[in-house]
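S.K.: based on what follows, work out the 3D shape:
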Amino acid sequence: MKLRVVLEPSDEGGYTVYAPSLPGCTSQGDTREEALTNIREAIELYVEPTDDALPNEKAEVVELVL
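M.R.: I've put the predicted structure just below:
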């Protein structure tokens, strides 16, 4: 999966990074590399399926590879 992320220098130092196609998926880091590592982890958690979020007993979880 390829996603674009936006990496912005913070006024306080370090970087803020977010994935525009994943609302609310943001992270930060003291260095560019740390910020990119952190957003990768945030994205993995964002798209991770959760079995406990099923709306009812007839629902099923289906994994898609993008």
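S.K.: I'd assumed A42 was in a helix, is it?
M.R.: Yes: the assignment for A42, made by DSSP: H, G, I helix; E, B strand; the rest coil, places it in a helix.
S.K.: can you tell me who the residue nearest to it when sequence neighbours are not counted pairs with across the strands?
M.R.: Computed as CB to CB, 6 or more residues apart in numbering, the closest residue to A42 that is not its neighbour in sequence is S27, at 4.6 Å. Bear in mind the C-beta positions are built from the backbone N, C-alpha and C, glycine included. Judged by DSSP bridges, the bridge partners of S27 are V17.
S.K.: which residues does S27 contact?
M.R.: Shown in contact with S27 (CB atoms under 8 Å, 6 or more residues apart in numbering): 16-18, 35, 38-39, 41-42.
S.K.: quick one: residues contacting the spatially most central residue of the chain.
M.R.: By CA atoms, centre = their mean, the chain has its centre lying nearest to I43, at 2.1 Å. Going by CB under 8 Å, 6+ apart, I43 touches 3, 19, 22, 25.
S.K.: for the nearest residue to the second one once chain neighbours are set aside, give me its contacts.
M.R.: It stands for A19. Nearest non-adjacent residue to A19, counting by CB to CB, 6+ apart: C25, 4.6 Å away. Contacts for C25 (CB under 8 Å, 6+ apart) come out as 18-19, 39, 42-43, 46.
S.K.: at 6 Å what do you get?
M.R.: Contacts for C25 (CB atoms under 6 Å, 6 or more residues apart in numbering) come out as 19, 42, 46.
S.K.: can you pull out the helices in this protein?
M.R.: Secondary structure of the chain by DSSP state H: the helices cover 32-47.
S.K.: quick one: low-confidence parts of it?
M.R.: 50-54, 61 (pLDDT under 70).
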